[in-house]
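# Predicted structure and sequence below. I'll ask about it afterward.
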Protein chains: 2
Amino acid sequence: MTETQPNCSIARTLDLVSDRWTFLILREAHLGTTRFADFRDYLGIAPNILANRLAAMVESGLLEKHEYRADGERTRSSYHLTPAGEDLKLVLAALQQWGDTHVPRKAGPTVLRRDTRSNDVVRVAFTTPDGNAVPPENVTFEPVPKGPADRSTWR
Amino acid sequence: MTETQPNCSIARTLDLVSDRWTFLILREAHLGTTRFADFRDYLGIAPNILANRLAAMVESGLLEKHEYRADGERTRSSYHLTPAGEDLKLVLAALQQWGDTHVPRKAGPTVLRRDTRSNDVVRVAFTTPDGNAVPPENVTFEPVPKGPADRSTWR
DNA sequence: TACCTGAGTTGCGCATCGAAACCCAGAACA
DNA sequence: TGTTCTGGGTTTCGATGCGCAACTCAGGTA
C-alpha cells in the first residue's frame, strides 16, 4: 500500500472530511456537543456509523477523546475539537452561508454566526492579508509556477 | 417518499456537494475546465462516476450543460459553473486554506488564491457586514430563538 | 438481585462505488 | 466507400460501505 498523499490541498482535506456525517458531527461539535449519545440522538445517526466516524476523526486529529467522571458517576467518554477541528469552523460557516443563500429554508435560517463581542452577524469573505475585503470575482485560483504541471497528479 | 428538506443549511448544502468527487469537479471547473474528457483525465475519475456527478450537479443547479461547435467540428458538450457554483469558490478556498495549514504538502501549496487587481494573496476570513475582520474564536454558531428547538429535526 | 443507561459492537440486506469493457455519432482519412 | 479516431458517454460486475435492528458490556441504582 503506497498511501499516496494528493498534491491538492482540497483533496487532502477532503480525505479527512468529505463525508456528509463527518461534517454534521463537526457542526454538532461546534455547537458544544461532546457525548456519544448526544451526537447519536441529535443527528439521528446509526451508532456503528457514529463510532466509525468518531474514531476516524480522532485518528486524523480533528477530535480528541477524553474520559471524564462526574461526581458519583462512572467514567464516560467525550469528544472535543482539537485546534485543527476548531479551524474547520470557517469551512462550516462557508457551507452554511452558501446554503442560506442558495438553498434557503422558507422559515429562515436556524443558526446564525455571531461576533461574541459586538453581537454583529458575521460573514465569511475573501480578504487581503491586511484585512481588506476582496470581491469574489476578483479571486482566482492560480497554480504555482514551480508546482507539478501534470494536473492528473494533483488528484 | 417524503423527500424532507433538512432544516440545517449545512445539511442542505451537503446534500448537493458532500461527495469528494463533486468537490474535485468543482475545483477543476473553477480552474477553467469545461469538457468531459478534461475532467476525466485531470481527475482520473471513472467515466460513469463523472457522468453521474455532472448530471447531478446540473440537476441541482451548480453547473449548466452547453452544446457548442467549433468551426468545422461537430458539436460538443461543455459544463459551466452557474452563479451558485461560482459562489462555492469561497467554500473551496476555505477547504484549501485549511489543508494548506493542517495537512501541508512538503513542497508547498500547488495553488494560490490571488486578487486579480492587487495581485495580493487572498485569505478566507470572518468579517462583519461592514468588512472588519473578526477573530474566529469570537465567532459562535447561535441557534435562532424561533427555530425548531428539537435538534433531531435539524438533520 | 434485578434493572437502567451510556457507549458502543455485530449481523445482515441493500445501495453505491469504481475499474474495465463496451458503444455510438461525427469528422478525417484513404 | 469503408476504416479509423476521438469525445462523450453506458453497461457489467464485483467489492465496499451504509443504515437498521439487535445484542453486549460495564458501572451505578433501587
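Ah, there it is.

# how far does stretch A:5-12 stretch from start to finish?
Distance between the boundary residues of stretch A:5-12 (Cα to Cα, to the nearest Å) amounts to 7 Å.

# residues of it that come out buried?
Across stretch A:5-12, burial judged by 16 or more other Cβ atoms under 10 Å in any protein chain shown covers A:Pro6, A:Asn7, A:Cys8, A:Ser9, A:Ile10, A:Ala11, A:Arg12. Placement of C-beta: from N, CA and C, glycine included.

# from those, which is closest to DNA strand C?
A:Ala11 (12.3 Å; Cβ to the nearest atom of the strand).

# so that closest one makes contact with B:Leu24?
Yes: checked against Cβ atoms under 8 Å, the pair A:Ala11 and B:Leu24 is within contact range at 6.3 Å.

# neighbouring contacts of the helix or strand hosting A:Gly85?
Using DSSP states H and E, A:Gly85 falls within helix A:83-87. Defining contact as Cβ atoms under 8 Å, 6 or more residues apart in numbering or on different chains, one finds that helix A:83-87 is touched by A:Leu26, A:Ala29, A:Met57, A:Gly61, A:Leu62, A:Leu63, B:Trp98, B:Thr101, B:His102, B:Pro136, B:Glu137.

# Show the contacting residues for the residue most central in space within chain A.
Geometric centre of chain A, nearest residue: A:Leu88, 3.9 Å, by Cα atoms, centre = their mean. Shown in contact with A:Leu88 (Cβ under 8 Å, 6+ apart): A:Val17, A:Leu26, A:Leu62, B:Trp98.

# Grab the nearest non-local neighbour of the first one.
Nearest residue to A:Val17 in three dimensions, chain neighbours excluded: A:Phe23, at 6.4 Å (Cβ to Cβ, 6 or more residues apart in numbering or on different chains).

# That neighbour: helix or strand, and which one exactly?
Following DSSP H and E, the helix or strand that holds A:Phe23 is helix A:20-30.

# and that helix with DNA strand C, contact?
No: taking Cβ under 7 Å from any atom of the strand as the criterion, helix A:20-30 and DNA strand C are apart, separated by no less than 11.0 Å.

# For the next helix or strand after that helix, which helices and strands make contact with it?
As assigned by DSSP H and E, the chain's next helix or strand after helix A:20-30 is helix A:36-43. If contacts are counted by 3 or more Cβ pairs under 8 Å, 6 or more residues apart in numbering or on different chains; DSSP states H and E, helix A:36-43 sits against helix A:20-30, helix A:47-59, strand A:75-81.

# and helix A:36-43 with helix A:20-30, angle?
Orientation check (axes from the mean of the first three to the mean of the last three Cα atoms, to 10 degrees): helix A:36-43 against helix A:20-30 gives 110 degrees.

# picking that back up, out of the contacts of helix A:83-87, which are inside helices?
Among the contacts of helix A:83-87, the ones falling in helices (DSSP state H) are A:Leu26, A:Ala29, A:Met57, B:Trp98, B:Thr101, B:His102.

# which of those tops the neighbour count?
Within these, A:Met57 tops the neighbour count with 25 neighbours, counted by other Cβ atoms under 10 Å in any protein chain shown.

# Let me see the contact set for it.
For A:Met57, the contacting residues are A:Leu16, A:Thr22, A:Ile25, A:Leu26, A:Leu63, A:Tyr79, A:Gly85, by Cβ under 8 Å, 6+ apart.
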